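>>> here are the coordinates; sequence isn't available:
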């Protein structure tokens, strides 16, 4: 705890010089910080502070007016891999990062499926299928040519 208060005091006085590394699950004060300020555990190792590793990472919301669904899905997949989100949490991460409109759309589509389901019980594959059907429909060449 002493190390944490020193680190906070140092960060508040030196906002432009950030000598700390943020790792998934822990905040580790790097060796440069320890040597410079003589802070660390009694054995000389870097101080660590526990952080909730199950926190939901934030990602931008899908906006059909500014981005294609396939582009958004590609960016979201990259985001999930970069943050090592387990397969079981991917649908919840997606749902919590969407607007109320997209959430309600998925809830309605899930309720209309056979058998009816709750939106929170959908898998990522089902969410991808629903979103693809809504925002990336198949185009019929003959009809598109006729409309032109």
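All right, it came through fine. None of the values given here were measured: they were computed from a predicted structure.

>>> where does the protein have its least confident helix or strand?
strand 20-23 (a mean of 36; mean pLDDT, DSSP states H and E).

>>> quick check: mean pLDDT of stretch 130-141?
Stretch 130-141 shows a mean pLDDT of 83 in the predicted model.

>>> buried ones in that stretch?
By 16 or more other Cβ atoms under 10 Å, the buried positions in stretch 130-141 come out as 130, 131, 135. The way it works is simple: take the backbone N, C-alpha and C, and place the C-beta from them, glycine included.

>>> by contact count, what packs against the helix or strand hosting the second one?
Taking DSSP states H and E as the criterion, the element that holds residue 131 is helix 124-135. Packing contacts for helix 124-135, counted by 3 or more Cβ pairs under 8 Å, 6 or more residues apart in numbering; DSSP states H and E, involve helix 69-82, helix 90-96, helix 100-112.

>>> the ones you listed: which one's closest to residue 123?
Nearest to residue 123 among the helices and strands packed on helix 124-135 is helix 90-96 (6.2 Å), distances taken as Cβ to Cβ.

>>> now the closest one: buried residues?
Applying 16+ other Cβ under 10 Å to helix 90-96 flags 90, 91, 93, 94, 95 as buried.

>>> pretty sure the last one contacts residue 107?
In other words, residue 95. No - Residue 95 is beyond contact range of residue 107, at 9.4 Å (criterion: Cβ atoms under 8 Å).

>>> what's the overlap in contacts for those two?
residue 119 (Cβ atoms under 8 Å, 6 or more residues apart in numbering).
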